[in-house]
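**Student:** give me a 3D structure for the following:
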Amino acid sequence: MGVLCWKIMAKDHERKIQEIKEVIKKYCEDRDWDQFHGAKDLAVALSIEASELLEHFRFKSKEEVEELFKNPKKRGEIEGEVVDILYFLFRLAQKYDIDISEAFDRKMEKSKKKYPIEKARGSNKKYDEFE
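**Tutor:** This is a model prediction of the structure:
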């Protein structure tokens, strides 16, 4: 499947990560942005976008945050920031040939060892704080 199979308004369960990476690749190539998308630049952009997402929640109570998601305008702004984060994350993966699914599986296996259920369940401790 390539960019031609890209679906407008597709749902998560309908689209593969590779399809998104291909759409981003074409979008950037059409605009000649490879020159601006080194690993450092993409990591910086990713961090900035994550900070912009955090701005929506700063100084908000749990209840106020829940209300943000009920407000269509605010929810749309939050969704936009989430997509900006994914855009730069997927662009980094696309440019540097990172298979997100494989890397995810490897990381989850490591995390399962660091955070065994019997020690981590219901705890917010870091793995090196377990007794």
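**Student:** which helices and strands sit right next to the helix or strand harbouring E19?
**Tutor:** Per DSSP states H and E: E19 is located in helix 17-30. Packing partners of helix 17-30 (3 or more C-beta pairs under 8 Å, 6 or more residues apart in numbering; DSSP states H and E): helix 72-95. Quick note: C-beta positions are derived from backbone N, CA and C, even for glycine.
**Student:** buried ones in the helix holding E19?
**Tutor:** By neighbour count on 16 or more other C-beta atoms under 10 Å, the buried set for helix 17-30 is Q18, E19, I20, K21, E22, V23, I24, K25, C28.
**Student:** tell me the mean pLDDT over it?
**Tutor:** Regarding helix 17-30, the rounded mean pLDDT is 95.
**Student:** identify each buried residue in the next helix or strand after it, please.
**Tutor:** Using DSSP H and E, the helix or strand that follows helix 17-30 in sequence is helix 39-55. Buried residues in helix 39-55, defined by neighbour count with 16+ other C-beta under 10 Å: L42, A45, L46, E49.
**Student:** which outside residues touch helix 39-55?
**Tutor:** The contact list for helix 39-55, computed with C-beta atoms under 8 Å, 6 or more residues apart in numbering, reads I78, E81, V82, D84, I85, Y87, F88, L89, R91, L92, K95, Y96.
**Student:** then stretch 74-82?
**Tutor:** E49, E52, L53, H56, L68, F69.
**Student:** closest one to R121 out of the residues you listed, please.
**Tutor:** F69 (27.1 Å; C-beta to C-beta).
**Student:** what's the pLDDT at the residue positioned nearest the centre of the chain?
**Tutor:** Among the residues of the chain, the one closest to the centroid is L86, at 3.9 Å (C-alpha atoms, centre = their mean). We have a pLDDT of 97 for L86.
**Student:** who are the contact partners of it?
**Tutor:** Contacts for L86 were tallied using C-beta under 8 Å, 6+ apart; they are I20.
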